[in-house]
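# quick one, structure for this:
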Amino acid sequence: MKKFCWLISLFTIVSFLAGCKGATPPPFPDWNTNLPPLPPESSPQKVTLPTTLPDMLSFPQTRIYFTGSGYQPNEMVAVKMDVPAGEEIPSVKPGEPVGVALANADGKGNFTADVPAETKIQIFLRGRILPTLAPDPGSLKPIPYGIYTFRSIGTESRRVGVSRIEFVPPAPK
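I've put the predicted structure just below:
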């Protein structure tokens, strides 16, 4: 009886290995390459980027969000910012886009992705976060004013939506 159980176990293992022999997982897509070209210029949304320390410390409460439609139901959508040449974002390789928000599309393929406060501090204000989870006031150095391109990329469909934000200085008082 022991030989029979051993033979069945050996047959099961060999069958399993034979079935897996040709199976290789699909390659993980590289979201930084093979992106479609940008659509024609559209008028960007304007967001005021603060210049004074008190305003910078309250900037994380400013709501910045992205919406889109046409994605697969329940698909995860990653929003990435194209970093202009010559600009540096801490912990991001030069020339690579940086993720700013994530969302799941609803059952109809629509999504809304809010940019978290930590991202606003680390990416838009280029600052550090202290162990107390507060921004380090001495490290805040906002990105230069101008128009930035953001891509909303569906992780399954690879559908890409493009939007632009123009970061502007505060109005003179």
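# make it CA atoms for all contacts and neighbour counts henceforth
Will do.
# partners of the residue nearest the centre of the chain in the sheet?
Closest to where the C-alpha atoms of the chain average out (C-alpha atoms, centre = their mean) is G99, at 2.8 Å. Using DSSP bridges, the bridge partners assigned to G99 are K80.
# can you verify A103 is assigned to a strand?
Yes. A103 forms part of a strand when assessed by DSSP: H, G, I helix; E, B strand; the rest coil.
# give the contact list for the closest residue to L125 other than its chain neighbours.
Counting by C-alpha to C-alpha, 6 or more residues apart in numbering, the nearest residue to L125 once its immediate chain neighbours are dropped is P142, at 3.9 Å. For P142, the contacting residues are 49-51, 124-127, by C-alpha atoms under 8 Å, 6 or more residues apart in numbering.
# could these go into TSV alongside secondary structure, pLDDT and distance to T62?
TSV is the format used below for the contacts of P142 (DSSP: H, G, I helix; E, B strand; the rest coil; pLDDT from 0 to 100; distance: C-alpha to C-alpha, whole Å):
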residue	secondary structure	pLDDT	distance to T62
L49	coil	86	10
P50	coil	88	11
T51	coil	84	14
F124	helix	93	12
L125	coil	93	13
R126	coil	91	16
G127	coil	91	16
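# could you give me the PyMOL selection string for whichever of these are buried?
In PyMOL syntax, the buried subset of the contacts of P142 is picked out as below (16 or more other C-alpha atoms under 10 Å):
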select buried, resi 49+50+124+125+126+127
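# list just the nearest of the contacts of P142 to T67.
F124 (19.1 Å; C-alpha to C-alpha).
# now the helices for the chain?
2-20, 53-58, 117-119 (DSSP state H).
# any idea how far the second one is from the chain center?
In other words, helix 53-58. Distance of helix 53-58 from its chain centroid, counting by C-alpha atoms, centre = their mean, to the nearest Å, is 25 Å.
# give me the contacts around that helix.
With C-alpha under 8 Å, 6+ apart, helix 53-58 has contacts from 49-50, 125, 135, 137, 140.
# nearest to S69, of those?
L49 (27.6 Å).
# mind checking how far that closest one is from R63?
12 Å (C-alpha to C-alpha, to the nearest Å).
# and if you look at P142?
17 Å.
# could you point out which residue ranges in this protein have low pLDDT?
1-42 (pLDDT under 70).
# show me where it has its strands.
Listed in chain order, the strands of the chain (DSSP state E) span 45-48, 65-68, 76-81, 98-104, 111-114, 146-154, 160-168.
# most tightly surrounded among the ones you listed?
strand 76-81 (a mean of 23; mean count of other C-alpha atoms under 10 Å).
# and it, how far from the chain's centre?
On C-alpha atoms, centre = their mean, the centre of strand 76-81 falls 4 Å from the chain's centre.
# give me the contacts around that strand.
66, 97-105, 111, 113, 148-156.
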